[in-house]
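Trainee: sequence? don't have it. structure:
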C-alpha cells in the first residue's frame, strides 16, 4: 500500500512539474505552454467587436394539473 501511495505522489509531482514547464530543459514541454495569457491577448482579433447581450427570456412552462 505504501508503494502505491509513493508512486501516486511521485506521478502527481511529475505531472505538476511538467504542466508548469519545469521539465522544459529536458525537452518535455506541454503543447499549451506557449499559449499563456500575454500571447493570447496579442492574438485576439477585434476584441472591441464583442458584445454581451442578456439571455432571451422564455416564457415559463405552464404547470401541469394533477389528474
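Mentor: Structure received. The shown structure was predicted, so the numbers you read here are calculated from the model rather than taken from an experiment. Numbers count the residues shown, from 1 in each chain.
Trainee: Count the neighbours of residue 15 for me.
Mentor: Neighbourhood size, residue 15 [other Cβ atoms under 10 Å]: 10. No exception for glycine: its C-beta is placed from N, CA and C like everyone else's.
Trainee: how far away is it from residue 28?
Mentor: Taking Cβ to Cβ, to the nearest Å as the measure, residue 15 falls 11 Å from residue 28.
Trainee: what helix or strand does residue 6 sit in?
Mentor: helix 2-19 (DSSP states H and E).
Trainee: just checking, what packs against that helix?
Mentor: For helix 2-19, there is no helix or strand it packs on, judged by 3 or more Cβ pairs under 8 Å, 6 or more residues apart in numbering; DSSP states H and E.
Trainee: In it, which of the residues would be classed as buried?
Mentor: By 16 or more other Cβ atoms under 10 Å, the buried positions in helix 2-19 come out as residue 18.
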